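In: A structural model of the following input is requested.
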Amino acid sequence: MTDKVYDSIDFAQAVRANQRALAGSLRQTYDFIVCGAGSAGSVVAARLAENPAVSVLLLEAGGDDEVASVIEPGQWPLNLGSERDWGFMAEPNQHLNGRAVPLNMGKVLGGGSSINVMLWARGHRNDWNHFAAEAGDAAWNYDAVLDIYRRIEDWQGSPDPLRRGHGGPVYVAPAHDPKPTATLMLDAARELGIPVYDSPNGAMMEGEGGAAINDLRIRDGKRLSVFRSYAYRRMAQPNLTVLTKALVSKLTFEGRKVTGVEVILDGRLQRFGAAREVVLSLGAINTPKVLMQSGIGPRAELERHGIAVRQHLPGVGQNHQDHVGFSCIWEYAEPQQVGNGGSEATLYWKSDPSLEGPDMLHCQLAFPVSTPENAALGLPEHGWTMYAGLAQPKSRGEVLLSGPQAGDPPIIHANMLSDPEDLEAAIASVQMCRELGNAEAFGKLVKRESMPGKMSREGLEQYVRNGAMTYWHQCGTAKMGRDAMSVVDGKLQVYGVENLRIADASIMPRITTGNTMAPCVVIGERAAQEIRAAHRL
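Out: Numbering: from 1, shown residues only. This next block holds a predicted model:
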């Protein structure tokens, strides 16, 4: 079927009627249970449900995605702090002058892909080759992943048959009619000798980096979440049941074999069995939380909360990573329009030419954004922001438990800037942003630099510590690999446990270069490939 069919009123009515019927006659056991309907879980559930002989249960703790703040690209900030946001908060961090940083995460059908800024960033060649080396599996290397991207994309930009595909479920297009802040950013990059590309994916992510207009998941002015591109298209089928407001609390077991899940549904605890496998796609906070509360994780952490240890895996909850950004802001000479959700251009570059790949990630936003601490320096009413980000931060954090129950919140030590190299990279990134924003290209658009402005080394260091913010790209807390701290193998199976896989950003050995939605889709595709091969589907 075409996209128009999936967008039709008739299809929507068929989905609602089918899902009402399925929810009214829930089974005790399904072949597969996928926990989490985000950017990876939606893919896994949809790919498994392609086989009509297979029954799939997709569980989502959040609610429905049919709300304006999800559908309309420009309304994404309204989701932050709403019922569609888990509203996680990191612990106070001494490296950020004691600040506690909000860590927003999607709690709705589509997960982060329903509340994010819609950027499609496929990751650098080095990222995927690193995944393959850690897993000891060539199926994760750049060439193999490039095959997946070509297969799943429906690319709308400049032809690039070596790297882009057509006709897949993932509609991707360059930002339509980008506004001056984006186009002038490319001119500023040229002034600095940074190459400009047709796309931030493809060739740009095979070398030193560059600048480009963003690839976005927007069609006809509306958001395209991964859930809508994958799982929703299967929801009129009798073999895919999607339950919202379904909080997965624990896994159930027979010995070391996972047999299903416990779920809090409509305020009541229910159990669903999985005849074949359970897949955790709950994200980098809730996946390790459910693992630990089910008895899989660091022995000392489990015993601290009276949880019986089923499998000692010291890496569960460790290796927490996130892209951290620092806003540089310029005041407009005159107010400007905001297009495509506000982020239309990206720049990746190296702070040191000897590095393997880009370590600086700069995303343009067409409006001013700052932390309260730095906003006191003077936030303009009308202005634009460049996030001076760390593409490959060295700092590592952890996720711990506050208690053994589903309602006990996780404890998140994000540890941003805890590695001294990150502070140096942050200062270099901010300095480069200042060069970009103060380039001649912006002369007629910009009235003045609002922040940080010219500062001493000490002042800039405090600006960075007071200004650090999340890119909402948490990952790494159940990493793939072969060392003692690895949680899953190259097939995404949890070590020492049967019938359990993980498919979300938590399996990343290290964070990918750029936004994490597209890599999560690849993780979902890889999980589905391995599951179908294992069960001969």
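In: what pLDDT does the nearest residue to Leu537 once chain neighbours are set aside get?
Out: Nearest residue to Leu537 in three dimensions, chain neighbours excluded: Asn51, at 5.0 Å (CB to CB, 6 or more residues apart in numbering). For every residue, glycine as well, the C-beta is placed using N, CA and C. pLDDT for Asn51: 98.
In: okay, now Asn51: neighbour count?
Out: Other residues lying near Asn51 total 14 when counted by other CB atoms under 10 Å.
In: Check Leu417 too.
Out: 24.
In: okay but it is in contact with Asn97, surely?
Out: No - the criterion here is CB atoms under 8 Å, and Leu417 misses it with Asn97 at 10.1 Å.
In: average pLDDT across the longest strand belonging to the chain?
Out: The longest strand of the chain (DSSP state E) is strand 268-280. Averaging the model's pLDDT scores along strand 268-280 yields 98.
In: Give the residues shared as contacts by Leu417 and Asn97.
Out: Counting by CB atoms under 8 Å, 6 or more residues apart in numbering, the residues touching both Leu417 and Asn97 are Arg465.
In: Report the contact partners of the closest residue to Gly339 other than its chain neighbours.
Out: Distance criterion CB to CB, 6+ apart; nearest residue to Gly339, sequence neighbours excluded, is Lys179 at 4.7 Å. Each residue near Lys179 by CB under 8 Å, 6+ apart is listed here: Gln336, Gln337, Val338, Gly339, Glu344, Ala366.
In: Can you name the residues that contact the first one?
Out: Contacts here follow CB under 8 Å, 6+ apart; on that basis Gln336 touches Lys179, Pro180, Thr181, Ala366, His382, Trp384, Leu445.
In: Can you list the buried residues in the longest strand of the chain?
Out: For strand 268-280, a neighbour-count test (16 or more other CB atoms under 10 Å) marks Phe272, Gly273, Ala274, Arg276, Glu277, Val278, Val279, Leu280 as buried.
In: domains in this structure, as residue ranges please.
Out: 3-66+225-320+478-534, 181-215+324-392+417-467 (automatic domain parsing).
In: Export those domains as a markdown table, with columns for distance to Trp76.
Out: As requested, the domains of the chain are exported to a markdown table (distance: least, CB to CB, whole Å):
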| stretch | distance to Trp76 |
| --- | --- |
| domain 3-66+225-320+478-534 | 11 |
| domain 181-215+324-392+417-467 | 6 |
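In: Tell me which residues touch the residue lying farthest from the centre of the chain, please.
Out: Largest separation from the mean C-alpha position in the chain: Lys444, at 35.6 Å (CA atoms, centre = their mean). By CB under 8 Å, 6+ apart, the residues touching Lys444 are Ala333.
In: And it, what's its pLDDT?
Out: Checking the pLDDT column for Lys444, the value is 90.
In: before we move on, the earlier item: show me how to select, in PyMOL, the buried members of the contacts of Gln336.
Out: Only the buried entries of these go into this PyMOL selection, using 16+ other CB under 10 Å:
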select buried, resi 179+180+181+366+384+445
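In: taking the contacts of Gln336 one by one, which sit in strands?
Out: Trp384.
In: Specify which member of the contacts of Gln336 is nearest to Val522.
Out: Val522 lies nearest to Ala366 out of these, by CB to CB, at 28.9 Å.
In: The residue nearest to Tyr149 when sequence neighbours are not counted - how many residues pack around it?
Out: Closest residue in space to Tyr149, ignoring its immediate chain neighbours: Arg122 at 5.9 Å, by CB to CB, 6+ apart. By other CB under 10 Å, the residues close to Arg122 number 31.
In: Arg122 reaches Met517, doesn't it?
Out: No - using CB under 8 Å, Arg122 is not in contact with Met517; the gap is 9.8 Å.
In: Of the domains of the chain, which is nearest Arg151?
Out: Here domain 3-66+225-320+478-534 is closest among the domains of the chain (CB to CB), at 8.2 Å.
In: Start and end of that closest one, how far apart?
Out: Domain 3-66+225-320+478-534 has an end-to-end distance of 31 Å (criterion: CA to CA, to the nearest Å).
In: just use 6 as the starting number from now, easier for me
Out: That works, and once the first residue is 6, the last one we named lands at domain 8-71+230-325+483-539.
In: Run the chain-centre distance for it.
Out: Remark: domain 8-71+230-325+483-539 is offset 15 Å from the chain centroid, using CA atoms, centre = their mean, to the nearest Å.
In: Ok, stretch 362-370 next?
Out: 16 Å.
In: just stretch 66-78 next, same as before
Out: 17 Å.
In: how long is that stretch from one end to the other?
Out: End-to-end for stretch 66-78, by CA to CA: 23 Å.
In: One more: stretch 223-236?
Out: Rule used - CA to CA; the end-to-end distance of stretch 223-236 is 18 Å.
In: quick one, strands of the stretch 306-455 of the chain?
Out: Along the stretch 306-455 of the chain, counting by DSSP state E, counting those that start in this stretch, strands occupy 316-317, 329-337, 350-354, 365-370, 388-395, 403-406, 415-418, 451-456.
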